[in-house]
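Chemist: sequence and computational prediction follow.
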Amino acid sequence: MKSLSPFARDCAIAVVFFVALLALGVIFPSLWLMDTLTALFASGLLAMSLHLLVGYTGLVSFGHAAYFAAGGYVFGMVLQADGFVASAGAFSVPLAILAAFVSTGLFALIVGLICARLSEVYFAFLTLAFQMLFVSMIQGLVQFTGGDQGLVGGIPRPAFLGIDLTQSTHRYAFCAFLFTAGALAIRLVTQSSFGYAIRMVRDNERRTAFLGVNTYRVKVVSFTIAGSIASLGGVILAIFTSAAYPEWASWSNSGEAIFMIMLGGLNGFLGPLVGAIAMRAISDVTLLYTTHTDLAKGLVILFVVLILKRGILDFAMDLVGNRKARADNDRAKALHVKDEPRRTGEDANVKA
């Protein structure tokens, strides 16, 4: 893959990853495994899309779960609309996903245009305010959203393009496709020229503006992309549960996504996904012995922050990098010692 362009290499890796997920479902056709992975696809996209803001743009959002929930709600409401499935037919699910993606992107754009004018703690709390406003709208518009009960009655899942979402294997494969597409989109954004622009904004916004970059526009676009991709996570969860609930948009869901990023690591592209897997593993293992899952998560996060002082993936990458550096240093010393007698002989011949 070294001869491929970065774009082609990332696309090829995404295809291999998707095929590996499909093979995993075929080799281990366990309903528990497929359901667990599907739930991880949803939470993983939430964390990875938020990482585009936190890790790459340097913007901490406390209300990112609002876009995750918006995707699930729009997807469900479109499919529940009277006559939509009958009129759209086999294109009903793809059109509902497109509607969720576009409408959530517009929602994120509007919020981003307002919030991006602020920075640091003011930005974070303003995003939290919009998230609380969105939750209030969900609870208030009972005739559309179901209020506190969520979208009751189930979300229709009609067959399309030979895919029947009521079957667990088809549902798992399609959710794996959505997750891979979302993760690939984030990867392509971060490796593009725009991705390096948001890194510049993160590192030094004033210097970036001095170079002629419109930092406000960069932050708004990054915010919009992150919100749009988060909606795909909500769509995955809506497909999986055949429902949507206001808890998806809660501030605790946004906080858990931030914890996933902290747990997995800020510096690696897959750090948030590692954090999502770790959080799920902590919950499942803890539930085998006690119901105090939040206590276990808090202790693990304290260990990562106070002892490792970086995320799991960051710690592993630093460990591997340090070992490689020591190996290179030892190899250089060995070559130096090996060449020393020859150099001594050459110096003696010169003096003679």
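Modeler: Everything's here; your move.

Chemist: which ones are touching Ser119?
Modeler: Contact partners of Ser119, counting by C-beta atoms under 8 Å, 6 or more residues apart in numbering, are Glu205. Every C-beta, even on glycine, is put in place using the N, C-alpha and C of the backbone.

Chemist: how much space is there between it and Ser61?
Modeler: Per C-beta to C-beta, to the nearest Å, Ser119 is found 12 Å from Ser61.

Chemist: got it, and Asp148?
Modeler: Per C-beta to C-beta, Asp148 is found 25 Å from Ser61.

Chemist: could you do Pro6 as well?
Modeler: Noted for Pro6: a distance of 28 Å to Ser61, by C-beta to C-beta.

Chemist: the two: which is more packed in?
Modeler: Higher neighbour count among Pro6 and Ser61: Ser61, with 31 against 11, using other C-beta atoms under 10 Å.

Chemist: doesn't Leu53 make contact with that one?
Modeler: Yes: with contacts counted by C-beta atoms under 8 Å, Ser61 reaches Leu53, the gap being 5.4 Å.

Chemist: mind listing the shared neighbours of the two?
Modeler: Listed as contacting both Ser61 and Leu53 by C-beta under 8 Å, 6+ apart are 223, 226.

Chemist: contacts only, for Leu184.
Modeler: Contacts of Leu184 were listed using C-beta under 8 Å, 6+ apart, and they are 10-11, 14.

Chemist: report the buried members of the residues you listed.
Modeler: 10, 14 (16 or more other C-beta atoms under 10 Å).

Chemist: ok, so of the contacts of Leu184, who is nearest Gln191?
Modeler: Of all these, Asp10 has the smallest distance to Gln191: 6.6 Å, by C-beta to C-beta.

Chemist: and the closest one, which of the three is it?
Modeler: Following DSSP: H, G, I helix; E, B strand; the rest coil, we place Asp10 in the helix state.

Chemist: Phe174 versus that one, what's the distance?
Modeler: As judged by C-beta to C-beta, Asp10 and Phe174 stand 22 Å apart.

Chemist: also Asp284?
Modeler: Using C-beta to C-beta, Asp284 is found at 24 Å from Phe174.

Chemist: how about Ser222?
Modeler: In terms of C-beta to C-beta, Ser222 sits 28 Å off from Phe174.

Chemist: likewise Val111?
Modeler: Val111 is 29 Å from Phe174, by C-beta to C-beta.

Chemist: between the two, who's got more neighbours?
Modeler: Using other C-beta under 10 Å, the more surrounded residue of Val111 and Phe174 is Val111, with 25 against 21.

Chemist: my guess is the more buried one contacts Phe130, does it?
Modeler: Yes: in this structure, Val111 is within contact of Phe130 by C-beta under 8 Å, at 5.0 Å.

Chemist: any common contacting residues for these two?
Modeler: Common contacts of Val111 and Phe130, defined by C-beta under 8 Å, 6+ apart, comprise Gly63.

Chemist: so where do the helices sit in the stretch 251-352 of the chain?
Modeler: Along the stretch 251-352 of the chain, counting by DSSP state H, counting those that start in this stretch, helices occupy 251-264, 271-287, 293-303, 312-351.

Chemist: between these, which gets nearest to Pro94?
Modeler: Comparing the helices of the stretch 251-352 of the chain by their distance to Pro94 (C-beta to C-beta), the top pick is helix 271-287, with 25.4 Å.

Chemist: which neighbouring elements make contact with the closest one?
Modeler: When contacts are defined as 3 or more C-beta pairs under 8 Å, 6 or more residues apart in numbering; DSSP states H and E, helix 271-287 sits against helix 31-51, helix 251-264, helix 293-303, helix 312-351.
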